[in-house]
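[1] Could you work out the structure for the sequence below:
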Amino acid sequence: MFACLLLPCLWAAALAQAVSFPELNSAIPGHQDVTYFDLAKMIVPDLKPGDDGFYTGGAPIEMRDILGGNDGGSPPETVNLPNAAVLAMKAGGKDRLAMLLDLGQSQDSAEGFAVLAVYDLTDKPKLLDAVNVGTDRSTYFRDPGKLPISADDDALLTMSTHFNSNQGYVGTILILVRNDRFEAIDQINTFDENVCAYRRTQDLSFQTHGDDKPYAAIKVTVTDATKPSGESCGEPASKAASHDISITYRWDDAKSRYVRNSDAFEKLSAENEKRF
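    This next block holds a predicted model:
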C-alpha cells in the first residue's frame with residue numbers, strides 16, 4: 001500500500017539514510033553527549049523515562065498546525081511515547097535532522113497529535129521548528145521519507161492513517177523546509193477498500209524531474225486499481241481496472257511556493273468521501 005517509486009539516479013545518494021527508530025536514550029551519532037531523549041525534551045519539556053520502557057510527560061510546547069487553521073487534533077493530557085522516527089535531511093544546503101513523534105490523541109479528538117521537528121546539530125543541538133502533522137489516528141514518515149528537490153534540499157513526506165475491517169484512510173502531506181521552517185506543499189487523501197467482490201487500492205508514487213531553480217518539479221501519481229476477488233458475493237462481479245491520476249507541483253517565484261497544475265486530487269477526495 002505504501003510502495004513508492006525510486007527517485008532519479010542523479011540524487012540517489014540522498015536516499016542512503018532512511019528513516020530510523022533509535023532508542024530515545026541512545027546518543028546521536030557525532031554527539032556522544034547528546035541523546036534523542038534530549039531532542040524530544042525540547043518538544044515535551046517534562047518528558048521522563050517510565051517503568052515500562054515508554055517515556056511519559058505532559059503537554060508539548062505550543063506549535064502551529066502544518067495545514068493552518070484549527071482543524072488539527074489536540075495533544076493528549078499525558079504523553080506515552082515509545083520512541084521517535086528520525087531522518088537526516090538537507091535544507092538550504094545545511095545538514096538537518098527531522099524527528100517525528102506521534103504523541104497519540106486526546107479523549108475529545110478523533111485525530112492524533114504528531115510533532116514533526118527539525119533540528120540543527122552543527123554545534124549545540126537547536127530546535128528550529130516544530131509543527132503538528134497529525135490528521136488521523138496514527139502518523140508516520142511515508143516511504144521514502146524524503147524527496148531530493150535540489151542538490152541542497154529535501155522535501156519530506158508524512159502520512160496519517162486509520163483502518164477498520166474493510167477500509168483504509170490515508171492522508172499524505174508533502175512538506176518543504178525553507179529558511180528552517182516547515183511549509184506544506186499539499187495534502188493528498190487516498191482511500192482503500194476491501195470487500196467480498198473486490199479490492200480497490202489507491203497507491204501513491206513520487207518523482208522529481210527537471211532542473212528547475214530553486215527547486216525541482218515534483219510529480220505525484222495516484223494509481224487507483226480494482227482487483228476482483230473471484231468470489232460469489234450475491235452481486236454483479238466487478239471488473240479489473242487501473243488508472244493513474246497525476247499532478248505536478250512546480251515552484252512559482254512570484255507566489256514563493258509550489259503550485260499544482262490540477263485539482264484532480266481534490267476531486268478524487270470528494271469522490272472517495274461518497275464511498276465512506
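
[2] only C-alpha atoms for contact and neighbour calcs from this point on.
    Fine.

[3] Near residue 41, how many residues? Count them for me, please.
    Neighbour count of residue 41, defined by other C-alpha atoms under 10 Å: 15.

[4] quick one, strands of the stretch 101-250 of the chain?
    Ranges of strands within the stretch 101-250 of the chain are 114-120, 126-132, 138-150, 153-163, 167-178, 181-194, 198-209, 217-228, 241-252, based on DSSP state E, counting those that start in this stretch.

[5] Nearest to residue 61, out of the ones you listed?
    When these are compared by C-alpha to C-alpha, strand 126-132 sits nearest residue 61, at 8.9 Å.

[6] got the angle between that closest one and strand 114-120?
    160 degrees (axes from the mean of the first three to the mean of the last three C-alpha atoms, to 10 degrees).

[7] got a list of contacts for strand 126-132?
    For strand 126-132, contacts defined as C-alpha atoms under 8 Å, 6 or more residues apart in numbering pick out 39, 42-43, 63-66, 72, 113-120, 180-182.

[8] if you set the cut-off to 10 Å instead, what comes out?
    For strand 126-132, contacts defined as C-alpha atoms under 10 Å, 6 or more residues apart in numbering pick out 39-40, 42-43, 61-68, 72-75, 96-102, 112-121, 177, 179-183.

[9] try stretch 63-77
    Residues contacting stretch 63-77 (C-alpha under 10 Å, 6+ apart): 43, 57-60, 102-116, 129-137, 173, 175, 182-187.

[10] give me that answer again for 7 Å
    Stretch 63-77 is contacted by residues 58-59, 103-106, 109, 111-113, 130-135, 183-184 when judged by C-alpha atoms under 7 Å, 6 or more residues apart in numbering.

[11] Buried only: go through those residues for me.
    58-59, 103-106, 111-113, 130-135, 183-184 (16 or more other C-alpha atoms under 10 Å).

[12] and residue 118, how many neighbours?
    Residue 118 has 27 neighbouring residues, counting by other C-alpha under 10 Å.

[13] Please name the bridge partners of it.
    In this entry, residue 118 is beta-bridged to residue 98, residue 129, by DSSP bridges.

[14] Verify the stated contact: it with residue 100.
    No. Checked against C-alpha atoms under 7 Å, the pair residue 118 and residue 100 is beyond contact range at 9.0 Å.

[15] Identify the residue nearest the residue positioned nearest the centre of the chain in space, chain neighbours excluded?
    With distances taken as C-alpha atoms, centre = their mean, residue 158 lies nearest the centre of the chain, 0.1 Å away. In space, and not counting its chain neighbours, residue 158 is closest to residue 141: 4.3 Å by C-alpha to C-alpha, 6 or more residues apart in numbering.

[16] Do I have it right that that neighbour meets residue 155?
    No. At 11.7 Å, residue 141 does not count as touching residue 155 under the criterion of C-alpha under 7 Å.

[17] of those two, who's got more company?
    Between residue 141 and residue 155, counting by other C-alpha under 10 Å, residue 155 is the more crowded of the two (24 against 21).

[18] Who are the contact partners of residue 24?
    Contacts of residue 24 were listed using C-alpha under 7 Å, 6+ apart, and they are 35-37, 83.

[19] quick check, it in a helix?
    No. Per DSSP: H, G, I helix; E, B strand; the rest coil, residue 24 lies outside any helix segment and is coil.

[20] Share the number of residues neighbouring residue 218, please.
    23.

[21] What score does it have for pLDDT?
    Note on residue 218: pLDDT of 97.

[22] Can you tell me who it pairs with across the strands?
    With DSSP bridges as the criterion, residue 218 is bridged to residue 208, residue 249.

[23] Just confirm it contacts residue 208, I think it does.
    Yes. Using C-alpha under 7 Å, residue 218 is in contact with residue 208, at 4.5 Å.

[24] thinking again about what came up before, what about the strands of the stretch 101-250 of the chain, which gets the closest to residue 21?
    strand 138-150 (11.0 Å).

[25] Good, wrapping up.
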